[in-house]
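K.L.:
Turn this into a structure:
(3 chains)
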Amino acid sequence: MNWDDWLEDIIVVVSFALLAWFIVHGARSDRWGRAFRRLGQDRIGIAAGVVIAIYLMLGALETIEIPSGVNGSRSVLDLFSGRVPAEETYSAPLASVSLSTRHPKPLKGWHLLGTDALGKDVLVQTLRACKTALIIGGVTSAIYIPIGALLGIVAGYCRGWIDQIIQYVYTVLYSIPEILLLIAILLAFQYTDVSLFGHAILSPGKSVPKIALALSVTAWITLCRLIRGETMRQTERAYVSAARAMGQSHWNIITQHLLPNVMHLVLISLVLGFSNLVITEAILSYLGVGSPIGTPSWGNMIDGARGELSRDPVVWWTLTSATMALFGLVLSLNIFGDSLRRAFDPRRG
Amino acid sequence: MSLQPLLDIRNLAIHFATETGTVEAVKGISLSLGKAETLAVVGESGSGKSVTGLALTRLLPEPPAVYSSGEILFHGHDVLKMKKEELRALRGARIAYIFQEPSTSLNPVFTIRSQIAEAIRLHRREVKDVDDEVAKHLDLVGIVDARKRMNDYPHQLSGGMQQRAMIAMALSCQPEILVADEPTTALDVTIQAQIIEQLIEIKQRLKMAIILITHNFGIVGDIADRVVVMFRGQIVEEGPTKRVLGNPQHAYTKALIECIPQIGQKRRRLTTIDHEALEAASTLKPVSTS
Amino acid sequence: MLSYLIRRLLLTPLIIFGVMVLTFVIFFAVHSPEAMARNVLGKRANPTNIYEWLHHRGYDKPVLFNLGQARVSADRHPYDSTGLFDTVFFHQMRDLATLHLGVSDVTGKDLNEVFKQGAIPSLLLTLPAYVCGFFMAVGLALFLVFVRNSALDGAGGLVCVALMSIPPMVYIIFGQAVVALGLDYFPAFGFQLSGLSTARFLILPVALMIVMHLGYDVRLYRAVFLEEIAQDYVRTAKAKGVSNARLLLVHVLKNGMIALITMVIAYLPLLILGSMLVENFFGIPGLGNLLVDALHTSDQAVVRSTTFLTAILYIIGLTITDICYAIVDPRIRLS
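P.N.:
Sure thing, here's the model as predicted:
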């Protein structure tokens, strides 16, 4: 197990701990309590939340590694998927023979969603890809959320030249279309070699954490602008002037008064941003600058399925499985994010 | 007051259905308005006075608003039973409105002229020279150089001027009732007086019925014939202006009148309203002397 | 108004400068040109070849400031310094500022020419898609606002979210497989620039591009219109007796359009770049396709130039938007 894997695990754990802290911390305030009660009445929202939880769980099963064999390790998911035999080539869902017009061979096992060109079970691949989505979403959020929220509050509260500089930075970053900037950064990362204490933090080539790093460069902008606007609105409200008049320190005003009032935006952005990240990862992998080949990712699976629809007989199951899995997660995240927004701000829907 | 009143509200109740439950805004009120009469509806915010005003032409967004009972008879026809087309013919043409915040109530991207002209084109097809009609009404409400100013956008006018333009728009279709919903609240004190002057002049010149909705007893005396006091969705006192101002019966009315600051009076603090005491008092029957 | 315009116009070069620095950092500072050369030259890479490659492109100069030593030294070619600013950074800055995009790292073609050729097919694809898509989205959004709070509105919203949740390439793969290959209505691949037959190649890609963005746009525009409907002036218009349809199509639409213009015009110049996914799939020889090819061959010069060009176009678009905004919105125009 190398340093990259450990880094992933640590950041994923940290980011989920942060999320839990948000919710527990936020739930103490009245506004959050009311919002959660409203959310409790939103059946579609709850259903979407449950679906997201299932995806997270599947991702966790693949992420958690247990020692196995002499010096290897395998994921919890492997315990289940290990029993599924590998075939030689394509086979249709539930078929008993492999897909070949001339020499169909009997299959070794039973495959609910068929197998791909290399004979791997599509269902297992699809489930494995949850991990990539989870890492992309989790790691990126763990990086961009603190940056975006902090800079947004600072810009909105301090105003003046600090605000000008922060605005300038994100205007420049925003001037390059997101997908192009991501491509450029990922291309540059492919040749980058950074080591720390002898550990290769960024080794040349593609890797999932690199995608997360690149995505963070663009993702914080939207959050920062949102938080900046809301902070400006809040600072004009009477309670902030009152706190100032009472001689509270800037730090106190920001942490005691402003932060709790913009925190719900962070949570909503986290959920809606997650869906964006998952789709972007798929596009990047599809363009050939995303996940390394061999990493189970829905983008890679869709990329691999490019020509399969024009084959004869048509191979539709890889594309369909990957698309449906991705669609299910993104749709749930979008619906859940909307429900959250409605719960926090019922007037604006 | 004539035999058949212009407007007759009978036992009107309105509530708002929200997620946290229903909020009863108006709890079964009855009142009437005669031709060319000026009625002041006084109460604090949340007393249901604005809701009543908007209900006259069903301007409240439904949902959440629900008209749970009662009728609003305008010339004997129930507004609450009218079809959409009938309501549209009523709004602006026969019952017109002035709202509290002129700066946001006027559409920012259209000129004053086009906003007034819209009302005239909708309800007075016979008018040939619309511009002339617009200018005439702006002139009527005391806007100098109306021909020139009517090409202005709302933000180019001062708050007082904007409210005058709103009044001109409301008058442009010669309505029978003018509902002025807190017309002076958002304005400076000196401008407030001018707008009230303007309304008095309109009342005298055009013989139009006016419903003045306000929280401020101070502006009622000069203009209203009759006063209705509302408290928490109910009418607590009703009567001729002089009687209500001079000899208020209900504790809430007294409290509201006490709130008017008067020059020369020695007071250490402005009077505030003790709501708990009033809550107990409001179970008393409404006082009516009309 | 005038001071606003002047301030706005002064900001533009500042942002362009920022983008120039940013692209430089990404392409020259994060990794070394040598790594780039080794990657492009592949098996042919030896010190002489690498030096030749770097020298030909001017990448052998010092990165930021020239303090007298050549960064890449080869014995046969002593580096002759011509001053403090004879570096990769300043040459890049000068070339970008004068829009000299240089040559492709892989094919060696002049990029200005390449971009000129690719712009037309790209525009033929994106312009119709963008214009039609905009009007369809505004129409649908207005319709949803018209029936707001009804079951139809709710269902429409859900369909929009579903459309948004499908990755763009799936639309393309499906459209190509079903409409072009399965039903054989349109050619699945290829492009010809010759009058009407061009349309045959473009109808399907344009339609797919519209569908791809429709869900997001409709939702966004609907939110903009709903925001407007809550304004006081809408109540005033209603109190005048204005019909629901006129309220939406005149009062709300004009106010909402001001907000929409900001979002829409800024993207207009970007249409030249086409669509990477759609062009690549349907074999349309536009700039999007060029970029995908460059990604596969690791042609950094093309990616770098495209990145910079796009940013410039976007910044110009934003500047134009702000000026348009000032003209359309009387609140800014007359202040």
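K.L.:
drop to CA atoms for contacts and neighbour counts, all remaining ones
P.N.:
Noted.
K.L.:
and the gap between whichever residue of the stretch 1-150 of chain A sits closest to chain B and chain C?
P.N.:
Using C-alpha to the nearest C-alpha, the closest approach of the stretch 1-150 of chain A to chain B is made by A:Arg38 at 8.3 Å. A:Arg38 is 18 Å from chain C, where distance means C-alpha to the nearest C-alpha, to the nearest Å.
K.L.:
Now do the same for that residue: its pLDDT.
P.N.:
For A:Arg38, the pLDDT comes out at 84.
K.L.:
Report the contact partners of the closest residue to it other than its chain neighbours.
P.N.:
Closest residue to A:Arg38 apart from its sequence neighbours, by C-alpha to C-alpha, 6 or more residues apart in numbering or on different chains: A:Ala343 at 5.4 Å. Applying C-alpha atoms under 8 Å, 6 or more residues apart in numbering or on different chains to A:Ala343 gives the contacts A:Arg34, A:Ala35, A:Phe36, A:Arg38, A:Leu39.
K.L.:
If we use 7 Å, what do you get?
P.N.:
Going by C-alpha atoms under 7 Å, 6 or more residues apart in numbering or on different chains, A:Ala343 touches A:Ala35, A:Phe36, A:Arg38, A:Leu39.
K.L.:
and if you look at A:Ala142?
P.N.:
For A:Ala142, counting by C-alpha under 7 Å, 6+ apart, the contacting residues are A:Ser15.
K.L.:
what's the answer for A:Val172, then?
P.N.:
C:Ile15, C:Gly18, C:Val19.
K.L.:
Counting neighbours, what do you get for the first one?
P.N.:
This points to C:Ile15. Look at C:Ile15: counted by other C-alpha atoms under 10 Å in any protein chain shown, it has 20 neighbours.
K.L.:
try A:Ala20
P.N.:
Around A:Ala20 there are 12 residues (other C-alpha under 10 Å).
K.L.:
quick one, phi psi at the nearest residue to C:Ile265 once chain neighbours are set aside?
P.N.:
Distances taken as C-alpha to C-alpha, 6+ apart place C:Thr321 nearest to C:Ile265, at 5.8 Å, with adjacent residues excluded. C:Thr321 adopts backbone torsions of phi -60, psi -50, taken as degrees, to the nearest 10.
K.L.:
residues contacting C:Thr321?
P.N.:
Taking C-alpha under 7 Å, 6+ apart as the test, what C:Thr321 contacts is C:Thr262, C:Ile265, C:Ala266.
K.L.:
Next one: it from chain B, what distance?
P.N.:
Distance from C:Thr321 to chain B, by C-alpha to the nearest C-alpha: 18 Å.
K.L.:
do C:Gly256 as well
P.N.:
In terms of C-alpha to the nearest C-alpha, C:Gly256 sits 10 Å off from chain B.
K.L.:
before we move on, what about C:Phe27?
P.N.:
46 Å.
K.L.:
I am assuming that residue contacts A:Ala188, so please confirm or correct that.
P.N.:
Yes: using C-alpha atoms under 7 Å, C:Phe27 is in contact with A:Ala188, at 6.2 Å.
K.L.:
Tell me the secondary structure at the nearest residue to A:Glu88 once chain neighbours are set aside.
P.N.:
Nearest non-adjacent residue to A:Glu88, counting by C-alpha to C-alpha, 6+ apart: A:Gly119, 4.6 Å away. Under DSSP: H, G, I helix; E, B strand; the rest coil, the three-state class of A:Gly119 is coil.
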